[in-house]
Each structure stands twice: as structure tokens, then as C-alpha cells.
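> the following block contains a protein sequence and its predicted model.
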Amino acid sequence: MNNPRDPIGILMKEHDEVLQHLNRLAHATEYIKVNGFSYEAFAQITEALLYINMEIPKHNEKEEKYLFPLMDRHGNGSPALMRDEHRELLRALSALKECIKDVEELRIHPSTIHDLIKCSMAVIELLRSHIAKENTILFPRAKQVLTSDEYKQLRHDIISSTVSVS
């Protein structure tokens, strides 16, 4: 997995980086849940979301454009489920972004902080669950079913897209 040219390793490394920011999001959310609103915790939520919101769409695009079509050839239903989860996650990220925007623009109502916590927790749960499924089910399955040529193509596509995106 430490091979920088292994496409599944690259995708898993991206997961690890997102999980670090997700942990910051979780800690800040928990702080606000327990102690009430704090600018520092809110700033951590905002920073974590900024990173996640920037990286997840790029990561998901790599999976949907390169990995999932190869997996679909082998009749595995996992890519369809993962595509659905990608859409659900984007909706949850959008909702959290709106909650943050409400606070930033001082559109405060009685449930604003509750909504912020709820949306943040939804993102945390969805993303942790999704990453766990890909890391423990989808990626190992890909290594089992993809032919040598398909894996080489995946390596080329993932590396090329990673270099051009970075």
C-alpha cells in the first residue's frame, strides 16, 4: 500500500488525508455540542469543510471515472452503491456549507447551532462509513477482480489525474 504507483494505494492515501480533516471536524463539532458555540471550534469546522469540500469531489471523480467502470465490467454491484453514497455525501456537504454560511452571515435563529451540529454529524457519519466500505470492501474486491491490463489502465489513469489535479 505504500507503493506511490499503486492506484488503490493512492485512493486510500486520499481517504487517510480526508479522515484527518474529518477528525478535526468531529472534535470541533463535539466541542460545540458539549460546550456551546465557540469561534475557535467554528473556525475548525469551517477549515475542515473547506478541505473536504475541495478534495472529495476530485477524489470521487477519479473513482467514478476510472475505477467504477472497470468494476462494473465484472458485475459487482458495489460501484452503484458507492455512486449513490457519493451523491448523498455531496448533499450532506452542501447542507453543512449552508449552515456555516448562516452563521457567517449572522442569520441566526433558535435552531442554527443545532442545525450546524446535526449537519456536521451527518457528514462525519456518512463519510466515515463510506470510506470504511471502500477501504474494506470495494478496494480489496477491485484488486481481486481487475485483470492485469485493467489494473495497469487504472494505475495510468489515477496517476495521470492525480498529477494533473495536484
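In hand now; what should we look at? Predicted model only: the values in this text are computed from it and were never measured. Numbering: from 1, shown residues only.

> check which helix or strand covers the most centrally placed residue in the chain.
In the chain, the C-alpha nearest the mean C-alpha coordinate belongs to residue 56, at 4.5 Å (CA atoms, centre = their mean). With elements taken from DSSP states H and E, the one containing residue 56 is helix 39-62.

> got the buried residues for the helix or strand following that helix?
On the C-terminal side of helix 39-62, the closest following helix or strand by DSSP H and E is helix 68-72. Neighbour counts over helix 68-72 (16 or more other CB atoms under 10 Å) mark 68, 70-71 as buried. Every residue, glycine included, has its C-beta placed from N, CA and C.

> which one is residue 130 nearest to, not counting chain neighbours?
When the adjacent residues along the chain are set aside, residue 130 lies closest to residue 85, with 4.9 Å between them (CB to CB, 6 or more residues apart in numbering).

> could you do residue 62 as well?
Nearest residue to residue 62, sequence neighbours excluded (CB to CB, 6+ apart): residue 161, at 5.4 Å.

> and if you look at residue 46?
For residue 46, the closest residue by CB to CB, 6+ apart turns out to be residue 100, at 5.7 Å.
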